[in-house]
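Colleague: got a predicted structure here, sequence first:
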Amino acid sequence: MSPFQYASATTPEEAIALVGKNGRYLGGGIDLLGEMKDYIVSPDVLVDVKSISSDSPPPKKWPDFPGHYLSGNMTIAQIAAESDLKDSFPGLTEAASEVGSPQIRNVATLAGNLLQHSRCWYYRQPDIVCLKRGGSTCYGQDGENKYLSLFSGCACISPIVSNLSVILTALNANAWVTMKGELGMITMPELYSKAWKHSEAHNYLNLQDLLSGVAIPLNRTRSAYRQVSEKSEFDWALVSCAAAGNVANGKITDARVVLGAVAPIPYMVEAANEYLEGKDLTDEHASHAADIILKNAKPLAHNGYKVPIAHTLIRRTLLALNA
Ligand SMILES: Cc1cc2nc3c(=O)[nH]c(=O)nc-3n(C[C@H](O)[C@H](O)[C@H](O)COP(=O)(O)OP(=O)(O)OC[C@H]3O[C@@H](n4cnc5c(N)ncnc54)[C@H](O)[C@@H]3O)c2cc1C
């Protein structure tokens with residue numbers, strides 16, 4: 001690990017001033033310190049943002065505040081344990097409970113989870129300069145692509161593996177970010193949009209941009225999250241799925257179905273959401289929605305197994321909204 005300075009900020013303004021041109025914000029450090037130990041990133045300063053109050057900036061107090069606000073500093077364990085959240089957004093509780101292990105959940109923050117970097121083993125290997133690290137080749141395309149994407153808008157096929165990005169996209173949450181000194185709100189698809197087209201991007205934010213929290217609208221009363229992993233703990237999902245919507249008399253409205261670990265972004269197909277509108281929430285309709293979502297999948301030599309897993313997960317997650 002290269003030498004670095006440590007600083008702690010208590011306001012967003014202070015954090016942005018301290019981070020400078022080559023600093024990094026520090027949440028729980030689970031992702032960032034791993035990258036530093038492998039010399040994938042070598043920031044000159046780490047700015048600890050965990051002492052920034054959740055009321056700063058104060059979206060909670062803004063009159064037109066749209067929904068339930070979660071501070072980016074909440075730990076994943078806190079999200080998993082909060083009973084209000086479980087009542088309003090059961091899928092969020094399920095997604096948080098599936099992250100890593102109790103030790104990781106106790107330390108990792110919401111902001112850090114959303115902004116964690118690629119886990120592709122070519123990206124994480126210090127001696128390989130892959131496309132995502134500024135090289136000219138995505139070694140996953142013809143190499144060991146078992147864990148890589150089925151969909152991508154660029155040559156990099158490393159998938160997003162943040163559980164919370166998947167459920168928060170299904171819940172149509174907005175991220176509160178300070179970009180170029182201005183506090184504003186961007187949608188979850190916007191937060192990741194750049195990673196679809198640009199191989200080097202993990203998300204839309206620049207190094208100096210600060211994520212303060214997310215706001216979840218209250219207009220979807222049902223949500224669910226399911227994943228399949230190789231291990232039950234201490235592991236990322238091979239494929240994950242989140243769904244949210246409203247269900248009345250067995251019919252679903254306002255559905256949003258999202259897949260994780262199959263694309264560089266939380267993967268959603270608007271045509272599937274539209275197809276589900278007003279439909280009975282049956283296995284047949286859920287299965288057809290899965291067909292729509294997976295229609296453009298481009299499996300590679302070793303990751304074709306993800307397609308039937310994704311199909312099953314979409315059905316199971318949608319049917320879980322009936323409960
Ligand atoms: C064995 C293992 C298994 C795992 N399994 C899962 C899993 O199943 N699902 C899952 O979702 N994750 C999983 N993870 C990943 C883990 O959840 C993330 O590494 C963790 O959530 C990152 O959060 P953090 O607070 O530690 O982030 P950090 O490491 O502190 O930060 C991550 C990135 O976000 C940036 N950042 C942090 N805070 C801010 C902010 N406020 N504004 C702007 N940028 C910021 C940092 O600069 C850094 O680039 C696993 C990790 C391990 C080691």
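Modeller: That came through, no problem. Numbers count the residues shown, from 1 in each chain.

Colleague: how about the chain: which residue is closest to the ligand?
Modeller: Closest contact between the chain and the ligand, by CB to the nearest ligand atom, is at G112 (2.0 Å). Glycine gets a C-beta too; all of them are placed from N, C-alpha and C.

Colleague: so C154 sits against S199, correct?
Modeller: Yes - the criterion here is CB atoms under 8 Å, and C154 meets it with S199 at 4.8 Å.

Colleague: between those two, which one's more packed in?
Modeller: S199 (20 against 17; other CB atoms under 10 Å).

Colleague: quick check, pLDDT for the residue nearest to that one when sequence neighbours are not counted.
Modeller: Spatially, and ignoring its direct neighbours in sequence, S199 is nearest to C156 (3.6 Å; CB to CB, 6 or more residues apart in numbering). Looking at C156, its pLDDT reads 98.

Colleague: tell me, how many residues neighbour C156?
Modeller: 28.

Colleague: then the one 4 residues further on?
Modeller: I160 sits with 28 neighbouring residues when counted by other CB under 10 Å.

Colleague: next structured bit after whatever helix or strand the residue of the chain closest to the ligand lives in?
Modeller: According to DSSP states H and E, G112 maps onto helix 110-114. Counting by DSSP H and E, the element after helix 110-114 in chain order, helix or strand, is helix 121-124.

Colleague: could you pick out the residues of the stretch 51-200 of the chain near the ligand for me?
Modeller: Contacts of the stretch 51-200 of the chain with the ligand, taken as CB under 6 Å from any ligand atom, map to 72, 98-100, 104, 108-109, 111-113, 115-116, 161-163.

Colleague: how about the residues you listed, which pair is most distant?
Modeller: G72 and E98 (19.8 Å; CB to CB).

Colleague: these two: which is more packed in?
Modeller: G72 (25 against 22).

Colleague: look up phi and psi at the more buried one.
Modeller: phi -60, psi -20 (degrees, to the nearest 10).

Colleague: test my guess that it contacts T109.
Modeller: Yes - taking CB under 8 Å as the definition, G72 is a contact partner of T109 at 6.3 Å.
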